[in-house]
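Q: Okay, structure incoming, though there's no sequence with it:
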């Protein structure tokens, strides 16, 4: 008699839910990533004062960072926010050094985020096309076999659908913000209007859009129960 491969009581859906919670840091992690960036975006677009916007946003992030360090919990999400602010501010500063006005600086600030979402979208879609969806590696990190999940078609199919939902916000951001940025940068549209639209889009398509995608993932994960092999 051939031995039967033992299985655990855990399911792929439970594993992915747990790994997503870790990756995003729960509600607190998402707030820590969103608040400093939102503060910088609102201040910069309303005052056009790059230095003041950076200082206030960094001060906000430092407070959150100190709280994390005092509590001895991971500061990863605050650091990620600081990194994003720094890159955007660097692009805006370079535009100012090049003689650009406030609108040029604002447009430059949005560029890194658009490029990041574009690169992330291309990479994630590629993993789906070649049948190595990113979410599958979340399963592999728990089972201890990085690629074993590919042996089961149902798991690959589930992970592909989840990866589509994970990347969908990035695709939408690029589809909306990319043309607006190009229109403002090349003079096809009034720069004041382009900057205003990009500011609203960055806030509306940040964590609100991400949470909507995660809600879709939770709904999908609640429908099936795919056992995880030992």
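A: Received it, and whenever you're ready, just let me know what you need. These numbers come from a predicted model, not from an experiment.
Q: Let me know the secondary structure of the closest residue to residue 137 other than its chain neighbours.
A: In space, and not counting its chain neighbours, residue 137 is closest to residue 146: 6.5 Å by C-beta to C-beta, 6 or more residues apart in numbering. For glycine as for every other residue, the C-beta is placed from the backbone atoms N, C-alpha and C. Following DSSP: H, G, I helix; E, B strand; the rest coil, residue 146 is assigned to coil.
Q: Would you agree residue 146 is in contact with residue 139?
A: No: counting by C-beta atoms under 8 Å, residue 146 stays clear of residue 139, with 9.4 Å between them.
Q: tell me the mean pLDDT over stretch 155-171?
A: Taken as a whole, stretch 155-171 has an average pLDDT of 90.
Q: Tell me how far the top helix by length along the chain lies from the chain's centre.
A: Determined from DSSP state H, the single longest helix within the chain is helix 153-185. Centroid displacement of helix 153-185 relative to its chain, using C-alpha atoms, centre = their mean, to the nearest Å, is 10 Å.
Q: What helices and strands are in contact with it?
A: helix 12-24, helix 102-129, helix 134-143, helix 191-204, helix 207-223 (3 or more C-beta pairs under 8 Å, 6 or more residues apart in numbering; DSSP states H and E).
Q: what's the least confident stretch among the ones you listed?
A: Among the helices and strands packed on helix 153-185, helix 12-24 scores lowest, with a mean of 69.
Q: outside of whichever helix or strand comes after that helix, which residues touch it?
A: Under the assignment DSSP states H and E, the closest C-terminal helix or strand after helix 12-24 is helix 26-47. Outside helix 26-47, the residues that touch it by C-beta atoms under 8 Å, 6 or more residues apart in numbering are 24-25, 49-50, 52-54, 56-58, 60-61, 64, 68, 76-78, 80-82, 84-85, 88-89, 92, 106, 109, 195-196, 199, 202-203, 206-207, 210-211.
Q: what is the orientation angle of the next helix or strand after helix 26-47 with helix 26-47?
A: Next helix or strand after helix 26-47 toward the C-terminus (DSSP H and E): helix 50-71. In terms of direction (axes from the mean of the first three to the mean of the last three C-alpha atoms, to 10 degrees), helix 50-71 departs from helix 26-47 by 160 degrees.
Q: helices or strands up against helix 50-71?
A: Using 3+ C-beta pairs under 8 Å, 6+ apart as the contact test, the elements touching helix 50-71 are helix 26-47, helix 76-97.
Q: Fine by me, we can end here.
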